[in-house]
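Participant: please work out how this folds:
(one chain, ligands or ions: 1)
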Amino acid sequence: ENPEEFNRERFFENTTLDFRGFNFEYIPFGAGRRGCPGITFAMAVNEFALAKLMHNFDFALPIGVKEWDMTEAIGSTVHKKNALLVVATPPSR
Ligand code: HEM
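Facilitator: As a prediction, the model looks like this:
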């Protein structure tokens with residue numbers, strides 16, 4: 001629903017939605033015969049890299065920036081119009 005709206009919670013609410021190419025609402029790796037064969041490797045590496053980043057840094061918006069800018073640019077795939085700026089700081093332990 002509301003595909004134009006940035007709503008990451010949509011993936012938490014509908015937990016039956018899967019990214020492996022069987023639910024056409026969400027196909028980051030494509031689907032069918034030409035679907036991505038690197039999916040298992042990619043997910044392991046992605047999760048590992050993301051976990052390392054989340055574990056080692058606190059992320060915040062730059063000072064003075066109030067909201068994420070999720071403006072999209074036109075292209076053969078969807079990408080952000082403006083770069084995502086975040087400040088990464090090592091957490092005080
Ligand atoms: C986050 C990481 C990745 C994403 C989002 C991704 C996404 C995709 C997408 C959307 C396609 C096109 C599928 C289609 O046309 O239906 C594709 C194809 C492909 N991907 Fe990936 N991919 C990722 C990582 C990888 C990795 C790590 C490998 C190899 C180790 C890989 C190998 C391939 C190959 C060989 C194809 C072409 C398959 C074909 O045309 O038959 N990908 N990928």
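Participant: all contacts plus neighbour counts: C-alpha atoms, from now on.
Facilitator: Fine.
Participant: what does this structure put close to the ligand?
Facilitator: Residues of the chain lying close to the ligand by C-alpha under 6 Å from any ligand atom are P28, F29, G30, A31, R34, G35, C36, P37, G38, I39, F41, A42.
Participant: are any of these buried, and if so which?
Facilitator: Applying 16 or more other C-alpha atoms under 10 Å to those, the neighbour count classes F29, G30, A31 as buried.
Participant: hang on, the second one in a strand?
Facilitator: I take that to be G30. No: per DSSP: H, G, I helix; E, B strand; the rest coil, G30 lies outside any strand segment and is coil.
Participant: what residues are up against it?
Facilitator: Contacts for G30 (C-alpha atoms under 8 Å, 6 or more residues apart in numbering) come out as R20, G21, C36.
Participant: now those as JSON lines including pLDDT and secondary structure?
Facilitator: Converted to JSON lines, those look like this (pLDDT from 0 to 100; DSSP: H, G, I helix; E, B strand; the rest coil):
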{"residue": "R20", "pLDDT": "91", "secondary structure": "coil"}
{"residue": "G21", "pLDDT": "92", "secondary structure": "coil"}
{"residue": "C36", "pLDDT": "97", "secondary structure": "coil"}
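Participant: nearest to E13, of those residues?
Facilitator: Taking C-alpha to C-alpha as the measure, E13 lies nearest R20 of the contacts of G30, at 17.8 Å.
Participant: need the contact list for the spatially closest residue to F6 that is not a sequence neighbour.
Facilitator: Distance criterion C-alpha to C-alpha, 6 or more residues apart in numbering; nearest residue to F6, sequence neighbours excluded, is M70 at 7.4 Å. M70 sits next to F6, K80, K81, N82 when contact means C-alpha under 8 Å, 6+ apart.
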